[in-house]
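Asks: build me a model from this:
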Amino acid sequence: MQIKVTEPIPVDQYIEPAMEFPITLSYNNFEIPIGIHGLLLAEDNKILASLKELVKVGAHADEIGSLGAFGTNQINGQIGEVDHSFSLVSILNNKAIDHIGNLRDKNPKGDVNFKLILKIKVCKSTALIAPLHRKDPAEIGPPMRAVLEQMGGYSLIAYKHAGDYTPKENDLWLISGQGGPQFLSLSNIQQEITKTIYSSNWIQDFAPKFGVGKYIVAELPLPPSKAITGEFSKRLNEAAESLQKIQNKIQEGEWTEAVEKCRPVVELMRDEEMIKSILGKHGYNEDAANSLYSAIKGLFEFSSKFHHKVDKDKKTLLPVAQAEKEDAYFAYSTSIALVNLIAQKISKPELA
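Replies: This next block holds a predicted model:
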């Protein structure tokens with residue numbers, strides 16, 4: 001039996017995140033799969049979820065094969081290969097999605113690698129058919145002919161190996177179990193198969209349907225060491241590192257914590273003169289630099305409301321602010337835009 005697993009796809013019909021693994025089994029008519037299940041493992045061998053056969057609404061009966069017997073099937077060249085296609089489904093909880101995200105962070109390409117441990121229960125035929133022939137009295141010589149005629153027209157049943165033999169009557173098959181009385185046997189086949197979902201496919205196809213949304217992909221070049229030094233350089237690096245932390249919290253659905261992780265990005269705005277100087281070296285006049293700085297600073301003001309317990313006067317208690325999904329994505333996209341802007345400007349040669 002051969003097992004082929006094609007590319008996994010997200011499933012829309014489930015409330016929880018679910019993945020479908022299309023599978024094709026190839027086998028002959030001496031064996032039939034009667035059940036399949038398994039486990040879905042991450043690349044670190046942690047079990048993410050179980051694998052079960054996908055039941056589709058409105059599906060009709062599907063024949064998966066018929067058991068044959070040895071003997072005449074082999075003689076007449078009736079051994080055929082059957083392909084049976086179906087799908088396994090795996091339902092992922094939030095912890096599994098989080099674990100996948102953590103492994104993606106460690107993967108150099110951001111890919112998702114799975115292991116499928118499949119166990120297939122197979123019913124196998126051990127039946128052997130012997131070709132029997134019926135001989136009428138007229139076809140048999142003496143003395144057996146006379147005996148059969150005296151018995152009232154009985155026929156003689158005889159065994160004869162014949163490569164092209166097919167009995168005219170349906171009841172002339174004689175079955176044995178190849179040396180025993182067992183005609184069927186059950187066995188389990190276990191196989192491990194690896195599958196990879198590439199980073200671009202995960203972000204575009206799986207992440208949105210799993211409730212973690214679409215991500216903004218930005219190129220963040222590392223500024224040359226000689227381009228910038230001191231405290232601002234440290235803040236810029238910390239801001240760039242915080243973007244991954246924000247994304248992780250979004251993957252976990254922790255919207256308030258995602259906004260709170262924007263703090264290192266907000267710290268970039270503390271050095272107003274440095275930011276205006278960088279912008280000025282790339283064609284911004286003073287009014288343009290002031291306007292952009294004020295706009296960005298205003299956008300980030302709201303993020304402080306999610307981690308400050310008291311007002312600016314250090315006395316007034318603030319009501320607890322809870323971020324929602326759209327707030328987290330606003331903070332994430334704004335943070336990426338600012339870090340990308342500053343990093344790109346620093347990496348480019350200054351205008352004359």
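Asks: now stretch 119-127: buried residues?
Replies: 120, 122-123, 125-127 (16 or more other Cβ atoms under 10 Å). Heads up, the C-betas are built off the backbone N, CA and C, glycines and all.
Asks: Glu254: which of these is nearest?
Replies: Distances from Glu254 to those, taken as Cβ to Cβ, are shortest for Ile120 (39.8 Å).
Asks: who's the closest one bridged to?
Replies: Ile36, Ile189 (DSSP bridges).
Asks: quick one: which helix or strand includes His99?
Replies: Using DSSP states H and E, His99 falls within helix 94-106.
Asks: packing partners of that helix?
Replies: Packing partners of helix 94-106 (3 or more Cβ pairs under 8 Å, 6 or more residues apart in numbering; DSSP states H and E): strand 31-42, strand 47-53, strand 112-125, helix 231-252.
Asks: so which of the ones you listed comes closest to Ile97?
Replies: It's helix 231-252; of these, that one is closest to Ile97 (Cβ to Cβ) at 6.6 Å.
Asks: centre of the chain to that closest one, how far?
Replies: 28 Å (Cα atoms, centre = their mean, to the nearest Å).
Asks: still on that earlier bit, how about the helices and strands packed on helix 94-106 in a markdown table, adding distance to Leu132 and mean pLDDT?
Replies: Listed next are the helices and strands packed on helix 94-106 as a markdown table, based on distance: least, Cβ to Cβ, whole Å; pLDDT from 0 to 100:
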| stretch | distance to Leu132 | mean pLDDT |
| --- | --- | --- |
| strand 31-42 | 26 | 89 |
| strand 47-53 | 41 | 93 |
| strand 112-125 | 19 | 91 |
| helix 231-252 | 69 | 81 |
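Asks: quick one, strands of the chain?
Replies: 2-5, 9-10, 18-28, 31-42, 47-53, 81-91, 112-125, 128-135, 156-159, 173-176, 184-197 (DSSP state E).
Asks: any chance of the ones you listed in a markdown table, with distance to Asn248 too?
Replies: Shown next, in a markdown table, are those (distance: least, Cβ to Cβ, whole Å):
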| stretch | distance to Asn248 |
| --- | --- |
| strand 2-5 | 29 |
| strand 9-10 | 20 |
| strand 18-28 | 21 |
| strand 31-42 | 16 |
| strand 47-53 | 18 |
| strand 81-91 | 22 |
| strand 112-125 | 15 |
| strand 128-135 | 62 |
| strand 156-159 | 74 |
| strand 173-176 | 63 |
| strand 184-197 | 18 |
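Asks: you'd agree Lys348 is up against Lys281?
Replies: No: Lys348 is beyond contact range of Lys281, at 9.4 Å (criterion: Cβ atoms under 8 Å).
Asks: reformat the helices and strands packed on helix 94-106 as a markdown table; add distance to Phe86.
Replies: Below are the helices and strands packed on helix 94-106 laid out as a markdown table (distance: least, Cβ to Cβ, whole Å):
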| stretch | distance to Phe86 |
| --- | --- |
| strand 31-42 | 8 |
| strand 47-53 | 6 |
| strand 112-125 | 11 |
| helix 231-252 | 31 |
